[in-house]
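# Sequence unavailable; structure follows:
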Ligand SMILES: [Zn+2]
């Protein structure tokens, strides 16, 4: 099996706040990330595909087409946005790194050949990332 990863970056803001929790609980759970002003991150997105290279091209996927897919379906939807605003891709989820990884997986999985999408990894900072492999 061959794995191929494309990395792209985007910048966005958010506020971590759950309508299911009281103001005090939000403060306790999310700390300063719950402040009404929100804050921003420079995110990195790594999308890994798997499979066998095409014998005719030696490639798993055309990287230019893959980059265009990520730009059109993900980056254009998230870059320079407030992720706490209603964004169709997020389906009302709290814009945590975990939920971003899940939402991006759901966005891409049916736009790639079946079984090709291996992992969606979202880096919120240089020390925090969440990944979705579509399991469970
Ligand atoms: Zn944050």
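Received, thanks. Computed from a prediction, not measured in an experiment: that's the story for all the values here.

# What separation is there between residue 99 and residue 57?
For residue 99, the distance to residue 57 (C-beta to C-beta, to the nearest Å) stands at 35 Å. C-betas here are computed from N, CA, C, even on glycine.

# Those two: who's more crowded?
residue 99 (18 against 9; other C-beta atoms under 10 Å).

# Distance check, that one against residue 32.
19 Å.

# ranges for the strands of this protein?
For the chain, the strands defined by DSSP state E occupy 2-14, 39-51, 81-82, 117-123, 129-132.

# List the neighbouring strands of the last one plus their orientation.
Right, the one you point to is strand 129-132. Strand 129-132 sits in its sheet next to strand 117-123 (antiparallel), going by DSSP bridges.

# Repeat that for the third one.
Here strand 81-82 is paired, per DSSP bridges, with strand 2-14 (parallel).

# In the strand it pairs with, which residues are buried?
4, 8, 10, 12, 13, 14 (16 or more other C-beta atoms under 10 Å).

# same thing with stretch 113-131?
116, 117, 118, 119, 120, 121, 122, 123, 124, 129, 130, 131.

# before we move on, what about stretch 42-56?
43, 44, 45, 47, 48, 49, 51.

# Quick check: mean pLDDT of that stretch?
Average pLDDT, stretch 42-56: 97.

# Contacts for that stretch, please.
Counting by C-beta atoms under 8 Å, 6 or more residues apart in numbering, stretch 42-56 makes contact with 1-12, 59-61, 66, 70, 74-75, 78, 100, 104, 108, 112-113, 115-124, all of which sit outside it.

# that older thread, the strands of the chain into a markdown table, with extra columns for distance to residue 93?
A markdown table is the format used below for the strands of the chain (distance: least, C-beta to C-beta, whole Å):
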| stretch | distance to residue 93 |
| --- | --- |
| strand 2-14 | 11 |
| strand 39-51 | 16 |
| strand 81-82 | 14 |
| strand 117-123 | 13 |
| strand 129-132 | 12 |
